[in-house]
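1. Dropping the sequence and predicted coords here.
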Number of protein chains: 2
Amino acid sequence: MVNTTVSETLLLGPGPCNVSENVLEALSRPLFGHLDPRFLGVMESVKSQLRIVFDTENSVTFPISATGSAGMEFLLVNFLEPGDTIVVGVNGVFGGRVAALSEKLGARVVKVEQEWGRAIDLDEFRDTIRRESPKIAALVNGETSTGVYQPMNGVGDVCREAGALLFMDCVTSLAGMPVHVDEWGADIVFSGTQKCLGVPPGLAPVTVSPRALEVYRNRSKPTPSFYLDLDALLAYVDGEGGRSYHHTAPISMVFALDAGLKEILDEGLESRWSRHARGAEYLRSELAAFGFEPVVPEGERLNPLTTLYLPDGFNDAEARSKLLMEHGIEVGAGLGPLAGKIWRIGLMAGNASESSVDRLTEALKSVLS
Amino acid sequence: MVNTTVSETLLLGPGPCNVSENVLEALSRPLFGHLDPRFLGVMESVKSQLRIVFDTENSVTFPISATGSAGMEFLLVNFLEPGDTIVVGVNGVFGGRVAALSEKLGARVVKVEQEWGRAIDLDEFRDTIRRESPKIAALVNGETSTGVYQPMNGVGDVCREAGALLFMDCVTSLAGMPVHVDEWGADIVFSGTQKCLGVPPGLAPVTVSPRALEVYRNRSKPTPSFYLDLDALLAYVDGEGGRSYHHTAPISMVFALDAGLKEILDEGLESRWSRHARGAEYLRSELAAFGFEPVVPEGERLNPLTTLYLPDGFNDAEARSKLLMEHGIEVGAGLGPLAGKIWRIGLMAGNASESSVDRLTEALKSVLS
């Protein structure tokens, strides 16, 4: 039950977004043990629903017991070894983070860079893969720092020809825009629960292709992690018959993810994508009236997260603070080179609606008056 | 609000335990943004309450955004470098895990071993520290796999003389038995939320001493992790003025931990320890009547988790399954060399009461009849 002493904030930042009563109720269910057959049933339900949402047949599909960024780390620490080459598309914070963590892990990093607010040039990216024959090629499908939705066409095929694994970050796109893991040939993929999945932050859904599993089996040394070690995790999340204890799963969060996934499948993925598209369209047109202009050109825009240049003379921090404190609405600031210049407005999961936009524009009128 | 369609299981295994209505209510509060000043206020409240529970003045005291095992990994990945020596007390699963992860991270591991069910011999442990002058000496204060409560006397002093950091796992002891981080000279310490803190699994409280911070500052290479990198985490959980974004904190779980800690401080730590001691005493005496005998000698017993040898001819798996499915009570099986030979019975947080024991003994009578 919602604590009535806490007034609800409309979360229109880059995530988390508001979650449904249903998901909150699931969070507050009495616990099962983490090896209780009934809990393992909930985990199986989560895994099979995640396969539908990722559009994949990968048997290795499950939630990592930590937030989205741990999903990225899971993919790199298991599939990249010191001395391996990784080609990374860098056009915002999250591509930069893939590159930085790969360097920490001792890999050779080849960046394909692009101005923030534009998609990576796929011709250049594919050529780089052909030239470098890397172990991994990494793209951010939904760049939360810039609002770019990265096309993925043909990259999977080039990765197959070059013997590379295709890494994909779909934290902000999953369940809000088309994501087709198998069709795109993405091999190692992660997301987070707090965006279009409509669940609080705390889990990182991942999926791993059979060819990625082969690469993992051929590691020269064991994964230098225990918490994120793929084999140890599989013995728990995927054990046939007896599951071995690895860590104590965050039971309440798994209940919440199960409930969030059920809502998504009840709505239908395509309807959900259309709803996010309509919301974004309406947001852009309504905010144009205030002088906000799109950062990202048409065709490369992430519907769940719209980025807009602030009007001339606009006081960024003051307006965000007033929106939050006086109107109970959170919007996101720009990051890196876009700090102070843009807003990031999320319309994710249940918040992807005209009524969220109307509440924001009403509040903006008051803030700017 | 509790979902009334789910009947509550009495969780008397090695964790998770049942959590209070109050904690469940906190879990289901509407979300704030993870950089919202009100959320940062909740995080400050968690940090200051954790300092009281750990009995430390360490400014670096906060919850890692993942389950207990990630707390262990946080300590090793930040404070141990390839080639460093670590002395580890191994008398159960969790000491073994510290040793295994240290090896994965390229350290030289010196084990001080002891039979499962007994505490590490402190004379031998201290002598080994003096001889090896390791970077880290590691002890498990509450060994969840065997039910041993490890004395810590004098180890901190020897570590200081030898220039070693004292690592301590207090997952199962914290808030259920005396834990005195500063008095014991423990430098790098972790716990989990799902035991005597009375919160669902999902966070790993950690605390780091100023001398450990110095060791960290003198690393030869950056920490080979992004998610668990101490500096990056500090910029978020401890930033003065502006907090930088690192990862999206698991907001609902932080609300729950805040509520759980408030309950602990309202009860008072010493009262809580006494309540756990009385519960354990009563459990041992009641189960003796069925022929269960203690694994751990007096003086080395963990009150939150009692381990008992099964009576002759007892059908372990069948009895646990009947307890769970017919009576809604979970107890824990033995692990490793103790599998099939013992039960692990947790009386943690709100479950540390005579009424939990009475419910268990009533059910046992029926199961054994």
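-> Great, that's in hand. Since the structure is predicted, the reported quantities are computational estimates derived from the model, not experimental observations. Residues are numbered from 1 along each chain as shown, chains lettered A, B, ... in the order given.

2. which residues in chain A form helices?
-> A:21-27, A:37-54, A:68-79, A:93-104, A:122-132, A:155-162, A:181-184, A:210-217, A:230-237, A:251-267, A:269-288, A:316-327, A:354-368 (DSSP state H).

3. same for the fourth one, what does it pack against?
-> I take that to be helix A:93-104. Where contact means 3 or more C-beta pairs under 8 Å, 6 or more residues apart in numbering or on different chains; DSSP states H and E, helix A:93-104 is packed against helix A:68-79, strand A:85-90, strand A:108-113, strand A:136-140, strand A:142-143, strand A:165-169. (Each C-beta comes from the backbone N, C-alpha and C, glycine too.)

4. Serialize these to a markdown table and add fields for mean neighbour count and distance to chain B.
-> A markdown table is the format used below for these (neighbours: other C-beta atoms under 10 Å in any protein chain shown; distance: least, C-beta to the nearest C-beta, whole Å):
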| stretch | mean neighbour count | distance to chain B |
| --- | --- | --- |
| helix A:68-79 | 26 | 4 |
| strand A:85-90 | 25 | 14 |
| strand A:108-113 | 18 | 14 |
| strand A:136-140 | 29 | 14 |
| strand A:142-143 | 30 | 14 |
| strand A:165-169 | 28 | 13 |
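
5. For residue B:55, which of those is the nearest?
-> Of all those, it is helix A:68-79 that lies closest to residue B:55, at 29.7 Å by C-beta to C-beta.

6. which one of the helices and strands packed on helix A:93-104 lies closest to residue B:102?
-> helix A:68-79 (16.3 Å).

7. Now do that closest one against helix A:210-217, angle only.
-> 60 degrees (axes from the mean of the first three to the mean of the last three C-alpha atoms, to 10 degrees).

8. quick check: mean pLDDT across helix A:68-79?
-> For helix A:68-79, mean pLDDT is 98.

9. Run the chain-centre distance for the helix or strand of chain A with the lowest mean pLDDT.
-> Least confident helix or strand, chain A: helix A:230-237 with a mean of 90, by mean pLDDT, DSSP states H and E. Helix A:230-237 sits 22 Å away from the centroid of its parent chain (C-alpha atoms, centre = their mean, to the nearest Å).

10. And the nearest residue to residue A:46 once chain neighbours are set aside, how close does it get to chain B?
-> Closest residue to residue A:46 apart from its sequence neighbours, by C-beta to C-beta, 6 or more residues apart in numbering or on different chains: residue A:258 at 5.0 Å. The gap separating residue A:258 from chain B is 13 Å, by C-beta to the nearest C-beta, to the nearest Å.

11. what does residue A:14 give?
-> For residue A:14 relative to chain B (C-beta to the nearest C-beta), the value is 9 Å.

12. hang on, that residue packs against residue A:346?
-> Yes. When contacts are counted by C-beta atoms under 8 Å, residue A:14 is listed as touching residue A:346 (5.3 Å).

13. Centre-most residue in chain A?
-> residue A:171 (0.5 Å; C-alpha atoms, centre = their mean).

14. list the contacts for that residue?
-> By C-beta atoms under 8 Å, 6 or more residues apart in numbering or on different chains, the residues touching residue A:171 are A:15, A:68, A:71, A:94, A:142, A:144, A:190, A:191, A:192, A:195.

15. and if we set it to 6 Å?
-> Residue A:171 is in contact with A:68, A:191, A:192, counting by C-beta atoms under 6 Å, 6 or more residues apart in numbering or on different chains.

16. what's the closest of the residues you listed to residue A:29?
-> residue A:192 (21.9 Å).

17. how many other residues sit next to that closest one?
-> By the criterion of other C-beta atoms under 10 Å in any protein chain shown, residue A:192 has 32 neighbours.

18. cool, residue A:83 as well?
-> Neighbour tally, residue A:83, other C-beta under 10 Å: 10.

19. Show the backbone phi and psi for it.
-> phi 90, psi -20 (degrees, to the nearest 10).

20. Could you check how far it is from chain B?
-> Counting by C-beta to the nearest C-beta, the gap from residue A:83 to chain B is 14 Å.

21. That residue and residue A:130, how far apart?
-> 21 Å (C-beta to C-beta, to the nearest Å).

22. before we move on, what about residue A:8?
-> 51 Å.

23. Any buried residues in stretch A:354-367, and which?
-> A:356, A:357, A:359, A:360, A:363, A:364, A:367 (16 or more other C-beta atoms under 10 Å in any protein chain shown).

24. Need the residues that contact that stretch.
-> A:282, A:283, A:286, A:319, A:322, A:323, A:327, A:329, A:347.

25. Keep the residues you listed, but drop any that are not near chain B.
-> With C-beta under 6 Å from any C-beta of the partner chain as the criterion, these include none near chain B.

26. now those: which count as buried?
-> Buried among the contacts of stretch A:354-367 by 16+ other C-beta under 10 Å: A:282, A:283, A:286, A:319, A:322, A:323, A:327, A:329, A:347.

27. which one of those residues sits closest to chain B?
-> Nearest to chain B out of these is residue A:329 (C-beta to the nearest C-beta; 10.4 Å).

28. Please tell me the pLDDT value assigned to residue A:242.
-> 61.

29. Quick check on the closest residue to residue A:351 other than its chain neighbours: phi, psi?
-> Computed as C-beta to C-beta, 6+ apart, the closest residue to residue A:351 that is not its neighbour in sequence is residue A:17, at 4.9 Å. Backbone torsions of residue A:17, given as degrees, to the nearest 10, read phi -110, psi 170.

30. residues near the closest residue to residue A:246 other than its chain neighbours, how many?
-> The shortest distance from residue A:246 to any non-neighbouring residue, by C-beta to C-beta, 6+ apart, is to residue A:236 (4.0 Å). Using other C-beta under 10 Å, residue A:236 has 20 other residues around it.

31. same deal with residue A:227?
-> Residue A:227: 31 neighbours (other C-beta under 10 Å).

32. quick one: it from residue A:172, how far?
-> Distance from residue A:227 to residue A:172, counting by C-beta to C-beta: 24 Å.

33. same thing with residue A:350?
-> 16 Å.

34. just for the stretch 151-300 of chain A, where's the confidence low?
-> A:239-243 (pLDDT under 70).

35. how about the residues of the stretch 201-350 of chain A that lie near chain B?
-> So the stretch 201-350 of chain A meets chain B at A:201-202, A:222, A:224, A:226-227, A:247-248, A:250-253, A:330 (C-beta under 6 Å from any C-beta).

36. at 10 Å what do you get?
-> Contact residues (C-beta under 10 Å from any C-beta of the partner chain) of the stretch 201-350 of chain A with chain B: A:201-204, A:221-229, A:232, A:244-256, A:321, A:324-325, A:330-333, A:335.

37. check contacts around residue A:232.
-> A:222, A:223, A:225, A:226, A:244, A:245, A:246, A:247, B:69, B:100 (C-beta atoms under 10 Å, 6 or more residues apart in numbering or on different chains).

38. Let me see the domain layout of chain A.
-> As recorded under automatic domain parsing, the domains making up chain A are A:10-16+A:268-368, A:21-264.

39. and the ones you listed, which is most packed in?
-> domain A:21-264 (a mean of 22; mean count of other C-beta atoms under 10 Å in any protein chain shown).

40. now do the same end-to-end measure for that one.
-> 14 Å (C-alpha to C-alpha, to the nearest Å).

41. still on that earlier bit, the residue nearest to residue A:351: how many residues sit nearby?
-> 29.

42. thought it was touching residue A:348?
-> Yes. Because the distance of 4.0 Å satisfies C-beta atoms under 10 Å, residue A:17 is recorded as touching residue A:348.
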